[in-house]
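Colleague: need a 3D model of the following:
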Amino acid sequence: MTHILLVEDDRSIVTNLTEFLQKESFSITAVDGQRKALEMIEESAAEFDLILLDVSLADGNGFAVCRAAKSSTDLPVIFLTASGDEYSVVTGLDLGADDYVSKPFRPRELVSRIHNILRRYGKSNTTLECRNISADIVRGTVKKDGQEIVLSALEYRLLLYFLNNQGIILSRSQLLEALWDIAGEFVNDNTLTVYIKRLREKIEQDPQNPLLIKTVRGLGYKMGD
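Modeller: Below you'll find the predicted structure:
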């Protein structure tokens, strides 16, 4: 799983962005200042695949963090900048930043830029697989036995969550949280039952005897061994 270091001191942005990126199958570690970010880069740079970096930080700025990252690691850096702040954009790019996204940003555009940069650095694992099912997370396509199948947005997100948590028993509450607000509305327990049934009908050879998404009685569901 791709591990991102998020350096941002706006708590609401950290909360919302972390939740969104986790649903997009990223692992997030967030710090709120220059000092903490520099410590993470010095001590744990090898654990990360990319840095999302705000320009303005409570105890400094993102430029120092970018300079440290580029001088001692091969980590790609994306700056998060205030809208129309041309100086910050130019300064960040001059320091070696790979891209920038202006606030307020569209989350899906940010995800697209992250994937593009990870591919450029050879860090992106764009295909998730289980048995005869594969999902290309960049193109948003799913194949069964090599043939593309069509999933709804919620079916696709549900499948990605299972693929990213293979071998782990997932409770219904975990699945409901993962699907929260993807369609712009609350997903309830009955809806989850319906979508698991629909997903099984599309990916299982025998939906009545599923081999991919198994029911673990009293606990939830599990994909893989």
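Colleague: residue 6 pairs with what?
Modeller: Beta-bridge partners of residue 6, counted by DSSP bridges, are residue 30, residue 52.
Colleague: helices of the protein, start to end?
Modeller: 11-23, 34-44, 62-72, 86-94, 107-120, 153-163, 172-179, 189-203 (DSSP state H).
Colleague: in CSV, list the ones you listed along with distance to residue 221, mean neighbour count and mean pLDDT.
Modeller: For glycine as for every other residue, the C-beta is placed from the backbone atoms N, C-alpha and C. CSV is the format used below for the helices of the chain (distance: least, Cβ to Cβ, whole Å; neighbours: other Cβ atoms under 10 Å; pLDDT from 0 to 100):
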stretch, distance to residue 221, mean neighbour count, mean pLDDT
helix 11-23, 17, 16, 90
helix 34-44, 33, 16, 93
helix 62-72, 39, 20, 93
helix 86-94, 43, 15, 85
helix 107-120, 26, 16, 86
helix 153-163, 7, 20, 89
helix 172-179, 7, 16, 84
helix 189-203, 7, 16, 93
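Colleague: okay if I get the ones you listed as JSON lines plus distance to residue 2?
Modeller: Shown next, in JSON lines, are the helices of the chain (distance: least, Cβ to Cβ, whole Å):
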{"stretch": "helix 11-23", "distance to residue 2": "9"}
{"stretch": "helix 34-44", "distance to residue 2": "15"}
{"stretch": "helix 62-72", "distance to residue 2": "16"}
{"stretch": "helix 86-94", "distance to residue 2": "21"}
{"stretch": "helix 107-120", "distance to residue 2": "6"}
{"stretch": "helix 153-163", "distance to residue 2": "13"}
{"stretch": "helix 172-179", "distance to residue 2": "17"}
{"stretch": "helix 189-203", "distance to residue 2": "24"}
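Colleague: those helices: which one's closest to residue 51?
Modeller: Ranking the helices of the chain by their distance to residue 51 (criterion: Cβ to Cβ) puts helix 62-72 first, at 5.8 Å.
Colleague: could you tell me the angle between that closest one and helix 86-94?
Modeller: Angle, helix 62-72 to helix 86-94, by axes from the mean of the first three to the mean of the last three Cα atoms, to 10 degrees: 10 degrees.
Colleague: residues contacting helix 62-72, please?
Modeller: Here helix 62-72 makes contact (Cβ atoms under 8 Å, 6 or more residues apart in numbering) with 7, 34, 37-38, 41-42, 45, 51, 53-57, 75, 77, 79, 91-92, 95-97.
Colleague: how does it look with 6 Å?
Modeller: With Cβ atoms under 6 Å, 6 or more residues apart in numbering as the contact definition, helix 62-72 has outside contacts at 7, 34, 37-38, 41, 51, 53-55, 75, 77, 95-97.
Colleague: just among those residues, which is most surrounded?
Modeller: Neighbour counts for the contacts of helix 62-72, by other Cβ atoms under 10 Å, peak at residue 7, which reaches 29 neighbours.
Colleague: and the closest residue in space to residue 222 that isn't next to it in sequence, backbone torsions?
Modeller: Once flanking residues are discounted, residue 222 sits nearest to residue 169: 4.9 Å by Cβ to Cβ, 6 or more residues apart in numbering. The phi/psi pair for residue 169 (degrees, to the nearest 10) reads phi -70, psi 120.
Colleague: next up, the contacts around residue 169.
Modeller: The contact partners of residue 169, by Cβ under 6 Å, 6+ apart, come to 216, 219, 220, 222.
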